[in-house]
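1. model the structure of this input:
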Amino acid sequence: MLPLALSTCWNSSRHTDGAEMLREIRDLGFTRAELGHGVRYSLWPGVLDAIDEGVIEISSLHNFCPVPMGVMKPSPNCFELTDPRPILRQQAINATIETIHNAAKFEVPVVVMHLGHANPYGINRELEKLAARGKLYSREYVAAKLKAVELRRKLFPEVWERLHEGLLPIVEAAAKEGIKLGFENRERYEEFPSEEEFQTVLDAFPAETVGYWHDFGHAARKEYLGWSDHRASLERFAPRLIGCHVQDCLPPDEDHLGLGKGEVPFAELLPLVQAEAVPVLELAPSVSREDVLASLELWKDLTCKISAATPT
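-> Model (predicted):
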């Protein structure tokens, strides 16, 4: 398995110098870093200097990178390809292609993407509130879920048409630059695509350019609410897997935790991840330095055990 990268999602908000941001990650013992969607333009000169100096290898860029001009905080969903407003869809296209060009400039092979939203908005929060009141899988809970699924199936053709149209120039740009696009599974049902819709999206584009990016925390949240089965999703999309965001999760919605701080069964799931997939530790800024170090050690222990158990 490839070396574990650490996403700058963890420390970009604390730095004013991009080079120092990447040196902090290197000094923790990581040989690779993902440039996350919180990298501001003010950090960019330092990032360029650090890459020129060979401070650390960049595993991937998370769209949008850097944060688009005029957007005041990390916001990977500030522009969406599913947006019904053409002008905002075009901004999503332009910002994504800029990220692709940056990846090519740095010889980074992968760009991670969110694809957008679709109704029913707020359904995840509604179900989480029901679960908190002890009504997980109650009649009321199941009825709300079924209603949401029915609405989403009706809306899918319209939303998919917009998304597909917006992705065409993006995929073309990525293919031209030799960059792979990892479409990330999301934590809420109202985000697009759902696990039910994902295969349609992947099948529309060539595997040499477009693939699946698995987020362990997001999948755990979806599984808790009954939207999908974590292991089954990872197995289903494994043939198109490009990489993964590694993070722990406590139900119903506390994700981006250090490894071992939640309930994700990594020992069971990591053997399903192909050796060539790009692993990135994506942690919340609130995670302590000690928990980052502990996560790296736990990762090394898990992957060593998996390697020892794999027949040669």
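2. drop to CA atoms for contacts and neighbour counts, all remaining ones
-> Noted.
3. surely residue 292 touches residue 257?
-> No. Residue 292 is beyond contact range of residue 257, at 9.3 Å (criterion: CA atoms under 8 Å).
4. the two - which one has more neighbours?
-> residue 257 (25 against 21; other CA atoms under 10 Å).
5. what about residue 209, how many residues nearby?
-> The burial count for residue 209: 20, using other CA under 10 Å.
6. can you tell me how far it is from residue 104?
-> As for residue 209, its distance to residue 104 is 13 Å (criterion: CA to CA, to the nearest Å).
7. what does residue 264 give?
-> 34 Å.
8. ok, residue 212 next?
-> Residue 212 is 20 Å from residue 104, by CA to CA.
9. the two: which is more packed in?
-> The residue with more neighbours, out of residue 212 and residue 104, is residue 212; 26 against 18, by other CA under 10 Å.
10. list the beta-bridge partners for the more buried one.
-> With DSSP bridges as the criterion, residue 212 is bridged to residue 183, residue 241.
11. could you report the pLDDT at it?
-> pLDDT, residue 212: 98.
12. shaky segments in the stretch 1-150 of the chain?
-> Scanning the stretch 1-150 of the chain for pLDDT under 70 picks out 72-75.
13. run the last query once more with 80
-> Per-residue confidence for the stretch 1-150 of the chain (pLDDT under 80) gives these ranges: 1, 69-76.
14. okay, helices next: where are they in it?
-> 18-27, 44-53, 86-105, 123-132, 139-177 (DSSP state H, counting those that start in this stretch).
15. centroid-nearest residue for this structure?
-> For the chain, residue 184 is the residue whose C-alpha lies nearest the centre (CA atoms, centre = their mean; 4.6 Å).
16. if we can go back for a sec, need the helices of the stretch 1-150 of the chain in CSV (columns: distance to residue 77).
-> Formatted as CSV, the helices of the stretch 1-150 of the chain follow (distance: least, CA to CA, whole Å):
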stretch, distance to residue 77
helix 18-27, 23
helix 44-53, 20
helix 86-105, 9
helix 123-132, 17
helix 139-177, 14
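17. any idea which of these gets closest to residue 277?
-> Closest to residue 277 of the helices of the stretch 1-150 of the chain, according to CA to CA: helix 86-105, at 17.3 Å.
18. buried stuff in that closest one?
-> The neighbour-count check on helix 86-105 (16 or more other CA atoms under 10 Å) flags 88-104 as buried.
19. ditto for stretch 29-37
-> 30-37.
20. what segments of the stretch 201-312 of the chain are strands?
-> 210-215, 241-246, 248-250, 254-257, 278-281 (DSSP state E, counting those that start in this stretch).
21. of those strands, which is nearest residue 118?
-> Closest among those, using CA to CA: strand 210-215, at 19.3 Å.
22. which strands and helices sit next to that closest one?
-> Helices and strands touching strand 210-215, by 3 or more CA pairs under 8 Å, 6 or more residues apart in numbering; DSSP states H and E, are strand 180-184, helix 195-203, strand 241-246.
23. just the C-alpha atoms of it, please, in CSV.
-> Extracted C-alpha coordinates of strand 210-215, given in CSV (Å, rounded to 0.1, in the frame of the first residue of the first chain):
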residue,chain,number,x,y,z
VAL,A,210,-12.4,9.0,-13.8
GLY,A,211,-12.7,6.9,-10.7
TYR,A,212,-14.1,6.5,-7.2
TRP,A,213,-12.7,8.2,-4.1
HIS,A,214,-13.8,6.4,-0.9
ASP,A,215,-14.2,8.4,2.3
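24. that one to strand 241-246, inter-axis angle?
-> Orientation of strand 210-215 against strand 241-246 (axes from the mean of the first three to the mean of the last three CA atoms, to 10 degrees) gives an angle of 20 degrees.
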